[in-house]
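**Q** Quick one: sequence plus predicted model below, questions after.
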Amino acid sequence: MFKWSPDGQHIAFLSPDEDAAANGSKRAQKDDAIVYGAHWDFNRLRCAHLHTRTIMTLFEKAVHVNEFVWNAKSDQLIYASQRTPELKDPALEHGVSFGRLSLESKIETHRWTFPGPVSHLSWLGEHLYFLGAVVPDKNNSASMIYRVSQDGHGLAPFAYGANDCAKQLRYGADFLAVQVQKGPTDQILLISDSKPSLIYGDTYAITTWDIRDTGNGQIVLSIGRGSPNKPTDLYSIQDQGLCQLSQHGDGIANLDIAEYEILYAKARDNTALDGLLLKPKRAIEQPWPTIVLPHGGPLDRVTMAFDVPVFHWGPWLAAAGYAVLGSVGTKDYSDIIDMIKFGIERTLFDPERIAIGGWSQGGFLSYLSVTRQEFLFKAAVCGGGITDWDMLVMSSDISAVEAEMAGGAPWTMDADDLRTRHASAVWHVATGVGTKTPVLILHSERDERVPLSQAIAFHRACLHQDIPCQLVIYPREPHMMTERLHRIDMLKRIKQFYDLHLR
């Protein structure tokens, strides 16, 4: 991370210390035992002076700085730090610390704390604004804006989070803007102590954005957005007008992949549900063969964008002639089933040709769905998903996050407390009526978020129970796959698999 100072004279940035020569020598000799906590790569807050071409370290304490922000005069910074460089666990378990530093003296003048992870620090006037969870020490919570004085006093919730989610902040000399997700809608608003003013809002997902004051009282907003038929392009919004700035997605848009709409329904507990429905353009009569793609995250949602819900599965399968339901909800499994039943009642989905698939949280829900009795899917693609929550908590790189979702960690629960098994699909293979559903398992070899052992466990269960199953492992890949040929292989495999079982 780096940020220019407002006066353009400095660049503040984060970097760990350079590796000592002795450590490099030990690695070369293979005398390199890893001792937990012995050699943390702490992020240091540093500053480069452009005129003198010198770099100074502003903060060298044994903590990990993960974000910072300049003040308007370019002579002070506020930073946020956590105990170790591990991802979210230190902030969730111990909170974060804020500090205010003088660029000239490198002396901290104020310190204060917050009980959970923070992001998007924005220093405007005499106040610091940032995003944190509505329930501050929880990961699985909507985000809201918090405000605190630049001296660390008066920390309090400021805006959003009740029935929406603040996703990103941007700020200028005298304005603060926020991206808010509410249901299937994305909005950009200007924030003030009075009523926020809406600059832009639509059901098309905003994938990136920035905002500037032109200096004559006009605000110019630039956004990236696409659709299920078109990859992301850039647009500017000024005086409520939308002007397209790039045409990168026009070639694919000409293919006219699918029709699409937001599908609204009610859950069994009367909760409002919404999901993105891609309708095949090929000459297929209703009801359609349908593939349900649950969201990942677990806080992600499915709305109008090209990458629906991940790795472009949505447009790829719609182009192959399937209806695709990108489903969201609050009680994930039951809400998915309620959305499916809603579509069947309206003769949208063929009840004899419905499959499921997803990645990460979507993969977990796909695993879980084939071990449940309420609805029998014809096929399931389970990508990067969880099958055993206890094992995940013990092996994931974000253990505290996973423990929160699982309902506890083995070291915090009684030996006879089996609640984490309820949502662990591998424990239900032997008894689940739906486990004769053919399963295609996709997983990354070097996945630290959801380790490969999750996929191997379910594959072994399927082999033992004689359930049709194929396991595909992608070498070198992290949790979210990046290599082009692997992504192409994945798309080809899922289409062949669904064609085999739904045609």
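**A** Nice, thanks for sending it over.
**Q** switch to C-alpha atoms for all contacts and neighbour counts from now on
**A** OK.
**Q** Which helix or strand in the chain has the lowest average pLDDT?
**A** Considering only helices and strands, the least confidently modelled element of the chain by mean pLDDT, DSSP states H and E is helix 21-28, at a mean of 70.
**Q** what sits against residue 93?
**A** Residue 93 makes contact with 116, 137, 400, according to CA atoms under 8 Å, 6 or more residues apart in numbering.
**Q** Just those residues: which are in strands?
**A** Residues from the contacts of residue 93 lying in strands, with DSSP state E as the criterion: none.
**Q** Specify the local secondary structure of the residue nearest to residue 100 when sequence neighbours are not counted.
**A** Distances taken as CA to CA, 6 or more residues apart in numbering place residue 78 nearest to residue 100, at 4.4 Å, with adjacent residues excluded. Here residue 78 is recorded as strand under DSSP: H, G, I helix; E, B strand; the rest coil.
**Q** Please name the bridge partners of residue 201.
**A** Beta bridges link residue 201 to residue 187, judged by DSSP bridges.
**Q** I'd say residue 371 and residue 432 touch.
**A** Yes: contact between residue 371 and residue 432 holds when scored by CA atoms under 8 Å: they sit 4.4 Å apart.
**Q** what about the two, which has more around it?
**A** Neighbours per residue, other CA atoms under 10 Å: of residue 371 and residue 432, the larger number sits with residue 371, 26 against 17.
**Q** one step back: for the residue nearest to residue 100, which residues are in contact?
**A** 68-71, 98-101.
**Q** Can you tell me which of these are buried?
**A** Burial by neighbour count, 16 or more other CA atoms under 10 Å: within the contacts of residue 78 this picks out 68-71, 98-101.
**Q** State the pair within these that is farthest apart.
**A** Of all pairs drawn from these, the one with the longest distance (CA to CA) is 71 and 98, at 14.4 Å.
**Q** Show me the shaky parts of the protein.
**A** Low-confidence segments of the chain, defined by pLDDT under 70: 20-24, 193-194, 239-240, 283, 298, 328-330, 433-435.
**Q** Need the residue in it that's farthest from the chain's center.
**A** Among residues of the chain, the one most distant from the C-alpha centroid is residue 52; the distance is 40.3 Å, by CA atoms, centre = their mean.
**Q** SS state for it?
**A** Using three-state DSSP, the three-state assignment for residue 52 comes out as coil.
**Q** distance of it from residue 107?
**A** Noted for residue 52: a distance of 21 Å to residue 107, by CA to CA, to the nearest Å.
**Q** quick one, helices of the protein?
**A** Counting by DSSP state H, the chain has helices at residues 21-28, 89-94, 250-253, 313-319, 332-345, 361-369, 389-395, 399-406, 453-465, 484-502.
**Q** and among those, the most buried is which?
**A** Per-residue neighbour counts averaged over each of the helices of the chain give the maximum for helix 361-369, namely a mean of 28 (mean count of other CA atoms under 10 Å).
**Q** Relative to the whole chain's centre, how far out is that helix?
**A** Going by CA atoms, centre = their mean, to the nearest Å, the spacing between the C-alpha centre of helix 361-369 and its chain's C-alpha centre is 16 Å.
**Q** can I have that helix written out in CSV, keeping just the CAs?
**A** Taking only C-alpha atoms (Å, rounded to 0.1, in the frame of the first residue of the first chain), the coordinates of helix 361-369 have been written out as CSV:
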residue,chain,number,x,y,z
GLN,A,361,-19.2,-20.5,0.3
GLY,A,362,-21.0,-21.5,-2.8
GLY,A,363,-19.0,-24.7,-2.9
PHE,A,364,-19.9,-25.4,0.8
LEU,A,365,-23.6,-24.9,0.0
SER,A,366,-23.3,-27.2,-3.0
TYR,A,367,-21.7,-29.9,-0.8
LEU,A,368,-24.4,-29.4,1.9
SER,A,369,-27.3,-29.5,-0.6
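**Q** tilt between it and helix 453-465?
**A** 20 degrees (axes from the mean of the first three to the mean of the last three CA atoms, to 10 degrees).
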